[in-house]
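Student: Here is my input, please return the structure:
(one chain, ligands or ions: 1)
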Amino acid sequence: METVLSGIRSTGNLHLGNYFGAVKNFIKMQNENNCFFFIADYHSLTTYPTPHDLHNNVRMVLAEYLATGLDPEKSAIFVQSDVREIPELYLLLNMNAYVGELERTTSFKEKIRTQPENVNAGLLTYPVLMAADILIHKANKVPVGKDQEQNLEMARKFAKRFNFMYKVDYFPEPQPYNFGEELVKVPGLDGTGKMGKTAGNGIYLVDDEKTIRKKVMSAVTDAGPTVMNQQMPEPIDNLFSLMKLVSEQSTIDFFKDKYNSCEIRYGDLKKQLAEDIIKFNLPIREKILEISSDNDYMRKVASLGAEKARASASQTLKDVREIIGFKSF
Ligand code: TYM
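Tutor: Model prediction:
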């Protein structure tokens, strides 16, 4: 049996990128593996949520996890900050993480570019905390979207380095897990790049019909094709990528043909896409609202998850402390 671990940062609600990039696979995995799925609330602190928002966001992500089909009996579903062993492993791993390699990660360089006024050390060592999340459960499989590929590579590097340094074969090297398929990148509605929580270009699982229609109708397009069978520019290609996630093949083929014959009306395509997203989202949205109003249930789930996660984490930390050479008198 494999140990699978993945997480979602609690900086906002789950969007379609989270769902199709990661969560959809979590659900498939929970029957066959020893699974740990968690809410990365320490990671969310790099964006300074208010105390009220911090807790509320965690609650929502937990409700969303459950609404999409994660089963608290089968998997450990937990909140990162409930497992104090994680920050200790993070501290230990930090001693062998080099500033140069952290500065070279794409996500860090991106932060320097987009928020030069707040390049905090938490952002720099973000991949180390993520490695601690993974290694604390000695996970060997990590389902992630394409955007987390490099962070996972860093986790492998830190695992290997620890093993080499202490001449042990302790940490497995965690591999991406997507059932052999390519890692996914779900695009946003703004024409370029991926759907993201902070980019404001996402459709959330909890969005209602009106919001979804409004967002999809305002997605970026272009003036339309002028040459038969021409290559699609990114914003149009992105709309088709979203369609592939939620629409019937016949619908996609219909609009592809229209595009190829230069007869496409983007308004029609967007209307159809919005309806298909609504059809997909609606049952999940209803469950999210139902679960999030049941605080007792959420408390039970979080506490069961924390218990399972702590049991596994404390064993690892005990081993690691011993390997490093901490001893009591
Ligand atoms: P986060 O919260 O940004 O995203 C959670 C998961 O959703 C995937 N994802 C996407 N996949 C495809 N297309 C998209 N547009 C898209 N947007 C998000 C992400 O790849 C991820 O799998 N640092 C992580 C959270 C984390 C974590 C970990 C993940 C903390 N520790 C340990 C795995 C293992 C993050 O910010 O993901």
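Student: which residues touch the closest residue to Lys160 other than its chain neighbours?
Tutor: Nearest non-adjacent residue to Lys160, counting by CB to CB, 6 or more residues apart in numbering: Glu173, 6.1 Å away. The C-beta positions use only the backbone N, C-alpha and C, and glycine is treated the same way. If you count contacts by CB atoms under 8 Å, 6 or more residues apart in numbering, Glu173 has them with Asn140, Arg156, Ala159, Lys160.
Student: Confidence-wise, which of the residues you listed comes last?
Tutor: Ranked by pLDDT, the contacts of Glu173 bottom out at Asn140 (95).
Student: Return the residues of the chain in contact with the ligand.
Tutor: 5-9, 17-18, 21-22, 40, 43, 130, 133-134, 142, 144-145, 147-148, 184-186, 194-196 (CB under 6 Å from any ligand atom).
Student: just the buried members of those?
Tutor: Buried members of the residues of the chain next to the ligand, counted by 16 or more other CB atoms under 10 Å: 5-9, 17-18, 21-22, 40, 43, 130, 133-134, 142, 144-145, 147-148, 184-186, 194-196.
Student: what about Lys111, how many neighbours?
Tutor: 18 (other CB atoms under 10 Å).
Student: buried sites along the helix or strand bottoming out on mean pLDDT in the chain?
Tutor: Lowest by mean pLDDT, DSSP states H and E among the helices and strands of the chain is helix 24-29, with a mean of 90. For helix 24-29, the neighbour count (16+ other CB under 10 Å) marks Lys24, Asn25, Phe26, Ile27, Met29 as buried.
Student: Same check on stretch 119-136?
Tutor: For stretch 119-136, by 16+ other CB under 10 Å, it's 123-136.
Student: Inside helices: which ones of these?
Tutor: With helices taken from DSSP state H, the overlap with the buried residues of stretch 119-136 comprises Leu123, Leu124, Tyr126, Pro127, Val128, Leu129, Met130, Ala131, Ala132, Asp133, Ile134, Leu135.
Student: would you list these in CSV and tack on distance to Glu209 and pLDDT?
Tutor: Compiled in CSV, these are given as follows (distance: CB to CB, whole Å; pLDDT from 0 to 100):
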residue, distance to Glu209, pLDDT
Leu123, 37, 96
Leu124, 42, 97
Tyr126, 36, 97
Pro127, 38, 98
Val128, 42, 98
Leu129, 38, 98
Met130, 35, 98
Ala131, 41, 98
Ala132, 41, 98
Asp133, 36, 98
Ile134, 38, 98
Leu135, 43, 98
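Student: Grab the nearest non-local neighbour of the residue in the stretch 101-250 of the chain that the ligand sits nearest to.
Tutor: Nearest residue of the stretch 101-250 of the chain to the ligand: Gly145, at 2.1 Å (CB to the nearest ligand atom). In this structure, Gly145 finds its nearest non-sequential neighbour in Gly21, 2.9 Å apart by CB to CB, 6+ apart.
Student: isn't that neighbour right up against Glu181?
Tutor: No: Gly21 is beyond contact range of Glu181, at 11.5 Å (criterion: CB atoms under 8 Å).
Student: now, which of the residues of the chain next to the ligand lie within helices?
Tutor: Of the positions in the residues of the chain next to the ligand, Gly17, Asn18, His43, Met130, Asp133, Ile134 sit in helices, assigned by DSSP H.
Student: how near is the second one to Met130?
Tutor: Put plainly, it is Asn18. To Met130, Asn18 is 16 Å away according to CB to CB, to the nearest Å.
Student: Let me know the angle separating the helix ranked longest in the chain from helix 126-135.
Tutor: If you go by DSSP H, the chain has its longest helix at helix 295-324. Between the axis of helix 295-324 and that of helix 126-135 there is an angle of 100 degrees, by axes from the mean of the first three to the mean of the last three CA atoms, to 10 degrees.
Student: The residue nearest to Leu124 when sequence neighbours are not counted sits in which helix or strand?
Tutor: Using CB to CB, 6+ apart and skipping residues adjacent in sequence, the residue nearest Leu124 is Leu102, 5.1 Å away. In this structure, Leu102 sits in helix 99-103 according to DSSP states H and E.
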